[in-house]
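*Asks:* Here is the input, now give the coordinates:
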Amino acid sequence: MEKHQLICGKEYGTSAKAIYSDCCRDFGWDVAQSSRFAQQQPLYGYRADASGTKDIWFVCHSNLCSDKFVAGPDGKIHHRNFVYTDEMGRMVQIDEYQPNEPYPELVFPLRDRITFVKNKKGRYVFAGTFRCVQPMSRECERIFYKIADDYPIKIK
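*Replies:* Below you'll find the predicted structure:
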């Protein structure tokens, strides 16, 4: 990991927990939330950045790593998170689908999310910082647009 900067589009590894732990060391993120990034966990930290204002989000199921749809535990077909890219291949929007919200605390309040997305190679790529522009619809869909490519965010 580049010391003290996350680079948009760069792969950082296959383990959300290991990447999160490195970021705790390098950026002062909340170490107490490390267990939330282990296998079978939500891969989501609340106000986990050093300032305590942004959430950390690892998207492990999206159209970038497999099909758009997946069979859920209820036997029904569900959307996966859908990542949109621009003409340069940069991630610019994420539609989050959480039918039957397994973690109700993820719904509100919605803060900016420092985001990593798993790619087809099974590696997490830093996607940038995203902000919710549509909090919820009937399908529990939330739409996030990118507000920054870099972390820490550089003011221009």
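
*Asks:* ranges for the strands of this structure?
*Replies:* Here the chain has its strands, by DSSP state E, at 11-13, 44-45, 55-59, 69-71, 77-79, 82-85, 91-97, 113-118, 124-134, 141-148.

*Asks:* Quick one: mean pLDDT for stretch 65-84?
*Replies:* Per-residue pLDDT over stretch 65-84 has a mean of 67.

*Asks:* Can you give me the neighbour number for Arg123?
*Replies:* Taking other CB atoms under 10 Å as the neighbour definition, Arg123 ends up with a count of 17. Any C-beta I mention is one placed from the backbone N, CA and C, and that applies to glycine too.

*Asks:* repeat for Cys8
*Replies:* Neighbourhood size, Cys8 [other CB under 10 Å]: 16.

*Asks:* got the contact list for it?
*Replies:* Cys8 makes contact with Arg90, Phe126, Ala127, Gly128, Asp149, Asp150, according to CB atoms under 8 Å, 6 or more residues apart in numbering.

*Asks:* Using CSV, write out every CA atom in stretch 14-30.
*Replies:* Taking C-alpha atoms only, stretch 14-30 is exported to CSV below (Å, rounded to 0.1, in the frame of the first residue of the first chain):
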residue,chain,number,x,y,z
THR,A,14,-7.9,-10.2,-1.4
SER,A,15,-8.7,-9.8,2.3
ALA,A,16,-10.9,-6.9,3.4
LYS,A,17,-9.7,-7.4,7.0
ALA,A,18,-6.0,-7.2,6.0
ILE,A,19,-6.6,-4.1,3.9
TYR,A,20,-8.7,-2.4,6.6
SER,A,21,-6.0,-3.2,9.2
ASP,A,22,-3.3,-1.6,6.9
CYS,A,23,-5.5,1.5,6.6
CYS,A,24,-6.0,1.6,10.4
ARG,A,25,-2.2,1.8,10.7
ASP,A,26,-1.6,4.2,7.8
PHE,A,27,-4.6,6.5,8.2
GLY,A,28,-5.7,6.2,11.8
TRP,A,29,-9.0,4.3,11.1
ASP,A,30,-10.9,2.8,14.0
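
*Asks:* any idea how far Tyr12 is from Ile19?
*Replies:* When CB to CB, to the nearest Å is the yardstick, Tyr12 and Ile19 sit 5 Å from each other.
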